[in-house]
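>>> okay, predicted coordinates and the sequence, questions at the end:
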Amino acid sequence: MREIVTAALQMGPIQKAETRQDVVERMIALLDRAKDAGATLAVFPELALTTFFPRWYMEDQAEVDSWFETEMPSAETRPLFDRAKAYGIGMYLGYAEKTPDGHHFNTSVLVSPQGDIVGKYRKVHLPGHSEFDTDRAFQHLEKRYFEPGDLGFPVWRSQDGILGMCICNDRRWPETYRVMGLQGVEMVMLGFNTPAVNSQMSAEGPEDRLFHHRLSVQAGAYQNATWVIAVAKAGVEDGHPLIGGSLIVDPNGKIVAESTTEDDEMLVHACDLDLCNFGKETIFDFARHRRIEHYGLITQRTGAELPPV
């Protein structure tokens with residue numbers, strides 16, 4: 001048995017006016033609860049330090065850059081890193097990253113229980129649009145403020161397991177999980193900020209959004225025999241609602257813990273990584289069962305092309 005006692009640390013809304021210091025204090029309070037629960041891994045949401053700023057249209061690059069971190073840990077986040085190290089708790093932390101050479105990414109890092117950053121991931125599947133859209137109920141400007149991730153989907157050895165990361169919309173794409181599955185991933189951590197209503201189809205409300213969220217995460221877990229820890233930033237941010245639905249899903253695709261609020265909330269589960277073995281050695285033994293000679297279109301073609309009439 002190889003257990004990682006994992007705390008999914010859902011965060012309630014972060015208003016536009018809240019400071020990094022305000023948010024970090026909340027995160028430390030959640031980390032304190034994780035320590036009391038015996039956790040050795042804490043998973044925070046996507047863009048955990050700020051409101052979901054891509055809903056706002058901005059033309060001033062200085063204003064845009066104010067939402068980004070130029071170092072990690074920073075002066076504001078150092079207390080969180082110090083507390084986690086003192087507790088011996090590893091972390092997944094999502095934030096907006098501005099690189100030294102001026103690139104902008106939606107990023108997460110994996111921090112070891114010793115306080116070292118052992119992995120970095122940059123969001124690959126950016127949803128939304130890049131210019132103000134008058135036909136949308138609200139804006140979703142990730143394509144304006146972020147570049148597609150340039151690191152692929154790596155995995156890392158940490159806490160006696162093989163751990164991977166992705167972010168929000170990545171969870172809807174089966175390739176995300178499969179690329180990590182082909183590296184033997186045993187736990188995928190992902191944070192998300194998901195609007196409760198589809199900006200282009202108001203009839204798709206919270207119930208449908210939560211259904212598609214669960215469907216994507218459970219399928220990714222089952223089809224790759226891996227744990228998936230999906231953690232929300234939820235609630236109403238400056239009048240804009242985000243779904244909750246933080247989940248811990250086992251390698252059989254079963255939900256073993258799910259949040260019940262849209263506030264700061266903790267889920268804890270002792271995730272036995274050895275539960276991945278049966279699926280990886282039977283129905284999803286890739287080496288025995290995959291037929292890559294028939295999968296060429298996956299990497300040869302981006303958009304769908306219809307057959308001749």
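Structure received. Numbers count the residues shown, from 1 in each chain.

>>> count of neighbours near residue 286?
Counted with other Cβ atoms under 10 Å, the neighbours of residue 286 add up to 14. In this view, the C-beta of every residue, glycine as well, is placed from N, C-alpha and C.

>>> wait, what's in contact with it?
Each residue near residue 286 by Cβ atoms under 8 Å, 6 or more residues apart in numbering is listed here: 181, 182.

>>> do you know how far it is from residue 246?
When Cβ to Cβ, to the nearest Å is applied, the distance between residue 286 and residue 246 equals 29 Å.

>>> helix, strand or coil for residue 307?
Under DSSP: H, G, I helix; E, B strand; the rest coil, the three-state class of residue 307 is coil.

>>> pLDDT score for it?
Looking at residue 307, its pLDDT reads 94.

>>> burial of it, as a residue count?
Residues near residue 307, counting by other Cβ under 10 Å, number 4.

>>> now it: phi and psi?
In this entry, residue 307 is assigned phi and psi values of phi -70, psi 160 (degrees, to the nearest 10).

>>> any idea how far it lies from residue 54?
Distance check for residue 307 against residue 54: by Cβ to Cβ, it reads 37 Å.

>>> one more: residue 17?
As for residue 17, its distance to residue 54 is 17 Å (criterion: Cβ to Cβ).

>>> again, but for residue 174
Residue 174 is 24 Å from residue 54, where distance means Cβ to Cβ.

>>> looking at these two, which is more packed in?
A side-by-side neighbour count of residue 174 and residue 54, using other Cβ under 10 Å, places residue 54 first with 25 against 15.

>>> correct me if wrong, but that one is in a helix.
Yes: assignment of residue 54 by three-state DSSP places it within a helix.

>>> who touches it in this structure?
128, 139, 140, 141, 142, 144, 145, 146.

>>> which one of the residues you listed is nearest residue 8?
residue 142 (23.0 Å; Cβ to Cβ).

>>> and the strands in the stretch 151-300 of the chain?
In chain order, the stretch 151-300 of the chain shows strands spanning 155-158, 161-167, 187-192, 227-232, 235-237, 240-242, 247-249, 255-258, 265-272, with DSSP state E, counting those that start in this stretch as the criterion.
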